[in-house]
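**Q** Model the following, please.
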Amino acid sequence: MMGTRAAIRLGYIDLSFHAASASVVQAILERHGHEVALSAAPHEAMFQRLRAGEVDVVASAWLPASHGEYLAPLQNEVEKLAVLYEPYCIWGVPDYVPRDVLASVDDLKKPEVLANIDKFIDGINSGAGISRFSSAMIDAYGLDCYGYRFYPGSEASSFTKFKRAVANKRWLVIPLWHPQYLHHDYPIRALEEPKGLLGGTDQATLVARKVVLPAIAPSALAELRMLHLGNAVVTDLEHAIQVEGLTPLQAATRWLAARSEPAPAAVRLCG
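**A** Numbering: from 1, shown residues only. The predicted model follows:
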């Protein structure tokens, strides 16, 4: 490792998959000699901290739909360094729920579905794009008239409810997204959403305050500008954290080490 360079304040939204991708950024900065001060905050609060100059880099902003309104006030103060992955939101159901009965959001109004499904839809915190979208969908699809309610909560409460429901083969809707570690272990089918209220596909963008860029080692900046994880990698990193018990930095370091290993040499077969 090179001599210690400027300390970089790296922020991320306080959810485990954001911690996963942020830790890859942390590992790269540290490998190029930077000290990294890592901090987390809820959605709006993290972008307020970026605007106030309390963090230098955020991994990451989901643009344009989920976090665009939070980043808009400081568009001229930040640079978009790289797109780390391509997230998108869904309303999902466990795959044991018959597709011919429940394939779209509109199908939630069918009598057979109403007789079987949990009408209380539990999500994560209210500042998340998926929570804003889900709240709007209840009204736009008229689901409130059928007894459906959306309740923002936490990752822990939403995911625990989902796992318990699956263990008992109960029907429920989970507001979710890709990448997300539950997809690693559970087949979850996205419902068709014809009104297009879930925001489409975003770009999870590594953003940095322009004033801090000269303090980042050129070699580190070059590597960060080339960084792309993809949805599958972020899902695997989060699974390593949530299920295998690795710390975010351990998961990131393991992935970076595996990525840098040389490919096996081709074997020549004689005969």
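**Q** all strands for the stretch 101-250 of the chain, in order.
**A** 120-123, 149-152, 174-178, 188-190, 203-209 (DSSP state E, counting those that start in this stretch).
**Q** Would you mind putting the ones you listed into a markdown table with mean pLDDT alongside?
**A** What follows is these, written out as a markdown table (pLDDT from 0 to 100):
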| stretch | mean pLDDT |
| --- | --- |
| strand 120-123 | 97 |
| strand 149-152 | 96 |
| strand 174-178 | 96 |
| strand 188-190 | 98 |
| strand 203-209 | 98 |
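**Q** mind checking which of those is nearest Arg9?
**A** For the strands of the stretch 101-250 of the chain, the distance to Arg9 is smallest for strand 203-209, at 9.4 Å, taking C-beta to C-beta. C-beta: built from backbone N, CA, C; applies to glycine.
**Q** what about Ala257, which helix or strand?
**A** Per DSSP states H and E: Ala257 is located in helix 248-260.
**Q** What lies in contact with that helix?
**A** 16, 19-20, 22-24, 26-28, 31, 233, 236-237, 240-241, 244, 246 (C-beta atoms under 8 Å, 6 or more residues apart in numbering).
**Q** May I have the secondary structure class of the closest residue to Leu191 other than its chain neighbours?
**A** Nearest non-adjacent residue to Leu191, counting by C-beta to C-beta, 6 or more residues apart in numbering: Trp91, 4.8 Å away. Three-state assignment for Trp91 (DSSP: H, G, I helix; E, B strand; the rest coil): strand.
**Q** Trp91 against Ile188, yeah?
**A** No. With contact defined as C-beta atoms under 8 Å, Trp91 does not count as touching Ile188 (10.0 Å).
**Q** tell me the average confidence for the helix holding Ala257?
**A** Summarised as a single mean, pLDDT over helix 248-260 is 93.
**Q** residues near Ala59, how many?
**A** Neighbourhood size, Ala59 [other C-beta atoms under 10 Å]: 28.
**Q** With Ile90 instead?
**A** For Ile90, using other C-beta under 10 Å, the count is 20.
**Q** what do you get for Ala41?
**A** Ala41 has 19 nearby residues by other C-beta under 10 Å.
**Q** check contacts around it.
**A** By C-beta under 8 Å, 6+ apart, the neighbours of Ala41 are Gly11, Ile13, Asp14, Arg49.
**Q** so what's the third one closest to, chain neighbours aside?
**A** The spatial neighbour of Asp14 that comes closest, neighbours along the chain excluded (C-beta to C-beta, 6+ apart), is Ala40 at 4.0 Å.
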